[in-house]
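Asker: Provided below are the primary sequence and the corresponding predicted coordinates.
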Amino acid sequence: MIRNYLLSALRNIAKQKLYTSINIFGLAIGLALCLLILSNISYELSFESNQLNRDRIYRLNGEYHSAETEIYSARVMAPLGSAITDEITEVEKAATFRVSRINAVKIGDERVKVVDPNPGALFIHHDKMIFANPDFLDVFTMPLLHGNPKTVLREPFTLLITEKAALKYFETSDPVGETIKINDEFECQVVGILKDIPQNTQLYCDFLISYSTLEKIGADVKSWDVFATDYVYILLPKNVDPIAIERKLPAILSKHLDSNAVGKYKFDLQPLKDIYFSAIGSGRSGELSPIGVVADMVPYGLMAMFILMQAIANFINLSTARSADRRREVGVRKVFGAFRGQLIRQFLGESILIACIAMLLSLPIYELFKQLVNPILPREMLVEFYNNPLMVASIIGLIFLVGVIAGFYPAFHLSRFKTITVLQGKSDSKSTKSWLRRILVVFQFTTAIIFILVSITIYRQVKYVTSYDLGFNQKNIIVLDFNSENRANDCQLMKSELIKSVNVSAATMTNNPLGRKNRSYCIFYLNENRLEGEERYADLIYADQDYTTFFGLELVQGRTFSNEHPDDAVNGVIVNESTLKELGIEQPIGYKLYTNNGFLEIIGVVKNYYGTLMATGYVSASFITINPEKFETLVLKPAPGNLAAAIIAIEKVWKATLPGQDFKYSFLDDEIRNNYSEYSDSGAIMLALTLLSILIALIGILGLVSFTAEQRTKEIGIRKVLGSSVADIVRLLSREFVILITIANLIAWPIAYLMMNSMLQEFSVRISLGFGTFLLAGSTAILLALLTVAFQTIKAANANPVDSLRYE
Amino acid sequence: MIKLRSVTKAYNSGVDKTFVLRNINLHVKEGEFISIMGPSGAGKSTLLHIIGMLDSISDGEYHFFDQPVHALNEKKRAALYKEYLGFVFQSYHLIDDLTVYENLEMPLLYKKYNSSERKSLVCDTLDRFQIVGKKNLFPNQLSGGQQQLVGVARAIISKPKLLLADEPTGNLHSVQGEEIMQLLSNLNQDRTTIIQVTHSEKNAGYGTRILQLKDGWIEN
Ligand SMILES: Nc1ncnc2c1ncn2[C@@H]1O[C@H](COP(=O)(O)OP(=O)(O)OP(=O)(O)O)[C@@H](O)[C@H]1O
Ligand SMILES: [Mg+2]
């Protein structure tokens, strides 16, 4: 029976080769996009799945409540972990650890500065080190390739290194016995090699350093009254209620703190499984990164779903259009004993089969998409689906889901035909069928038009911000970064050497050239009392005297930094006009801004400049002050003329001044463009999705038109015999589509407007959403549809009427 | 075998009713070979569909063996015709996507034969109709006569007691038509009851009895 169905299905597909295959292709694209999203979901769900003790590990979260403050933290006081294992018999092990960033390492004489490629991003997941007590390796599953897990992590100044980090820093996979200096602070000996840690864990690190090292380098690891310094993860035996453990904690605390203080603390045990997803919005400080940000993927998930739905709509359309051909089969099967249920099963089976074929085709497309998308993801976010059971289940689920959705209407529609009407060759009423078709066409084009509009907006906005006048010089500016231990010094040296060179016309030192995403900010108060809750934040730029002139910042009041005023280097600050407006300062010169340990005095006001055009949401002001200790970047303006010669000359000076340090430079305008790379990336993704969405919509009407043209061959023939021109006939067949796509426009525009508007809120300067954009998107859709329709109908209209009429 | 008593078939056309069949009384005994004749629009096909239980009657009674067909629900009727009836159509109505073999197998699939039974029945039938060589061809690769041969073979493969044929030779050349009629009369000799609709006096002559239908009345 099933064989019979399959055969008839396969032959049916084969008969409609072209349309079926383009439809299967459309479906495959939609499926591949969904697989991409499912792959991400599976990845997110796989967090900490490598931990064998997953179900028995709990993290100790702490709260502190006093009259002055409230603290919610993912960390607790340092000695609590070991006190728990000592005093609560049920607790087998407790991992106590701190996480730090590796900023620089030095092996032998070679110093490597670890540059965070994505500063401030939510997903920092590299160059981390963990200071961990010996229990750490008992609680967590982190296999050692070399070294004894029972003895490592005991001696101070010893560490375990992952194989990957070993290759990176030591250029060998087994550097046991070697030493490494970390963050210019302390030196450790490598005593073991960790198997590479997968990315889907919050416990990712390059180095696992013995906890005892912390004490030796002067960290406080003993105090009971210093809260929120250490992560404590405890391992409970099966069937021990974590609540029971929580209840025993005050007793432990009271041995070390006075009874008054004990009441201010509260602890709860959070299961390891819940940590990743509940981190966002938990309100706790010190949540480990990365954290599950499902919300970020939701828009992409919706887009993938809509494209898949478009492809499914094509299928429904096509199978209903084709149902005329298959009515006879239904009638015959019924006469020879088929029940309706059997026919429904047959047609559903067919569409599931088609979904199956589409899925097979979508797997290589998915791999291709993955290759394209991986480089622009901030971190690893996709699973290898073939070894992920969730992914395999999703694939099977998708096949059935798509098959049933796509086949449901045709199956019920077809199986409903009355045997007798079919066999007498009478046609069914077709009104419901064509209504469904119209709705689906409108749906497809609404989706496509929204895609077009959003794409255009992203494109225009990125173009707008990249060509926006930022209010400072950015053309032809060379940036040199220094990252040695004596970087401020090196920077000074280079500047004094380079300004002598004929190839350099101007230079300034800073921690942050304008145009780079700023990483420093300061907290200040307008009032000397520094009341809590009245603090303000400002972008802070450390600069030398030449900064404002160098970047062409135009003074509107006061003066710029000058050697004649030694106080400038202590508390002089230059602000811009919008900062004044923001803070409501009317007489700026001499105005004092209070920092936590002093004040800044405004000496000058410059015209507005924009470091970046992203709406930051919290920075309300921007300050420029002098601080030679913070210099790490030298910004140069080459003399007009040969840029290449200038770079060669600069390199020469570098080699002579800083022997042994690598010469690297960049151009400021390149960096500025990179500020918006995230948006140009998502713009590129959107563009690709838009093209796919349009393509699938066009495939849909191509299929529909060819069927109407086929069904109306006779009508077309008669009209031609009666004197219609080809153009008349094209008009006849395309009129309906124009109406439908116009309706789609009217639905799409308001939806797209809301979406575009909310997207633009992320920028501090925005394009205006003119009517022209909407018109452009709408007419593009209509035009493309007309071209598609015309292609088919001209063919139909040009057919010799005698041929078509002869058949009857 | 078949008893029609005052059977009437009417369609509602707007306000009033159009009668297609009026007061039909008909007895058919097992083993008969009846030809229904009459002008176009007389109601021949309608009568055949009613006998074939594909269509319902407006008034009167229809007994098939001892079952009151007019009182049965759709499902019971379907079960009944599944067991006893075979159909042959003027335009063959073979399924285009299935081969000759599969077209023959199709009715058996819906009748709970297991696969080896199906295989032997199909092979027997292919043999009997001398179309073994054509079993892997698709309908559009066959001539009209061959297609109708398959159509008849399909109708009788599950050994129906009653074979209904609506102008089985209507689309065929006379030579091909004669072969099909010969086949039907052979089947009749093997005790299959047959009711056919035909426009040809000659074809009607193969039957044991002729019914003349005119404006929904049986004329004698
Ligand atoms: N569903 C229906 N609704 C209304 N009238 C119908 C319907 N089906 C059939 N008729 C009418 O019933 C009458 C008899 O039709 P039928 O098909 O039985 O004629 P016929 O004798 O088989 O003619 P032909 O020799 O042309 O096949 C015709 O007048 C036809 O218009
Ligand atoms: Mg007829």
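Answerer: That came through, no problem. Ligands and ions are numbered 1, 2, ... in the order given.

Asker: what residues does stretch A:379-387 touch?
Answerer: With contact meaning Cβ atoms under 8 Å, 6 or more residues apart in numbering or on different chains, stretch A:379-387 is reached by A:35-36, A:39-40, A:42-44, A:46, A:123, A:125, A:199-200, A:290, A:366, A:370, A:373-374, A:391-392, A:395. To be clear about C-beta, it is placed using only N, CA and C from the backbone, and glycine gets the same treatment.

Asker: Can you flag the buried ones in these?
Answerer: A:35-36, A:39-40, A:42-44, A:46, A:123, A:125, A:200, A:290, A:366, A:370, A:373, A:391, A:395 (16 or more other Cβ atoms under 10 Å in any protein chain shown).

Asker: could you give me the average pLDDT of stretch A:214-223?
Answerer: Stretch A:214-223 shows an average pLDDT of 89 in the prediction.

Asker: Residue B:148 contacts residue B:178, doesn't it?
Answerer: No: applying Cβ atoms under 8 Å, one finds residue B:148 not in contact with residue B:178, separated by 11.9 Å.

Asker: of these two, who's got more company?
Answerer: residue B:148 (28 against 16; other Cβ atoms under 10 Å in any protein chain shown).

Asker: Please identify the helix or strand for the more buried one.
Answerer: helix B:144-156 (DSSP states H and E).

Asker: same check, this time on residue A:601
Answerer: Going by DSSP H and E, residue A:601 is in strand A:598-606.

Asker: quick one: the residue of the stretch 1-150 of chain A found nearest chain B and residue A:317, what's the gap?
Answerer: Distances between the stretch 1-150 of chain A and chain B by Cβ to the nearest Cβ are smallest at residue A:11, namely 4.1 Å. Going from residue A:11 to residue A:317 by Cβ to Cβ, to the nearest Å gives 21 Å.

Asker: Those two - which one has more neighbours?
Answerer: Neighbours of residue A:11 and residue A:317, each counted by other Cβ under 10 Å, are more numerous for residue A:317; the result is 26 against 16.

Asker: what sits against residue 24?
Answerer: I'll assume chain A. A:354, A:357-358, A:361.

Asker: right idea, wrong chain: chain B
Answerer: Contacts of residue B:24 (Cβ under 8 Å, 6+ apart): B:4, B:6-8, B:47, B:60, B:216-218.

Asker: Pop out the phi and psi values for residue A:197.
Answerer: Dihedral pair for residue A:197: phi -90, psi 130, per degrees, to the nearest 10.

Asker: ditto for residue A:97
Answerer: Per degrees, to the nearest 10, the backbone of residue A:97 is at phi -160, psi 160.

Asker: cool, residue A:225 as well?
Answerer: Per degrees, to the nearest 10, the backbone of residue A:225 is at phi -100, psi 10.

Asker: If you drop the residues flanking it in sequence, what lies closest to it?
Answerer: residue A:257 (6.6 Å; Cβ to Cβ, 6 or more residues apart in numbering or on different chains).

Asker: how many other residues sit next to that neighbour?
Answerer: Other residues close to residue A:257 by other Cβ under 10 Å number 17.

Asker: do you know how far residue A:325 is from residue A:792?
Answerer: On the measure of Cβ to Cβ, residue A:325 and residue A:792 end up 18 Å apart.

Asker: who has more neighbours, these two?
Answerer: Set residue A:325 next to residue A:792 and count neighbours by other Cβ under 10 Å: residue A:792 wins out with 22 against 15.

Asker: Now the more buried one: which helix or strand?
Answerer: With DSSP H and E as criterion, residue A:792 is part of helix A:771-798.

Asker: Show me what that helix packs onto, helices and strands only.
Answerer: Judged by 3 or more Cβ pairs under 8 Å, 6 or more residues apart in numbering or on different chains; DSSP states H and E, the packing partners of helix A:771-798 are helix A:431-466, helix A:677-711, helix A:713-721, helix A:726-760.

Asker: avg pLDDT for it?
Answerer: For helix A:771-798, mean pLDDT is 85.

Asker: With stretch A:245-252 instead?
Answerer: 91.

Asker: quick one: contacts of that stretch?
Answerer: Counting by Cβ under 8 Å, 6+ apart, A:58, A:80, A:83-84, A:87-88, A:90-91, A:234, A:236, A:262-263, A:265, A:267-269 sit against stretch A:245-252.

Asker: and chain B, which of the contacts of stretch A:379-387 contact it?
Answerer: Among the contacts of stretch A:379-387, not one lies near chain B by Cβ under 8 Å from any Cβ of the partner chain.

Asker: Around chain A, which positions in chain B sit nearby?
Answerer: Near chain A, when you scan chain B using Cβ under 8 Å from any Cβ, you find B:45, B:49, B:54-55, B:78, B:82, B:87, B:89, B:91, B:93-98, B:102, B:105-107, B:109-111, B:154.

Asker: Nearest to chain B, out of the helices and strands packed on helix A:771-798?
Answerer: helix A:677-711 (15.7 Å).

Asker: Cool, thanks, talk later.
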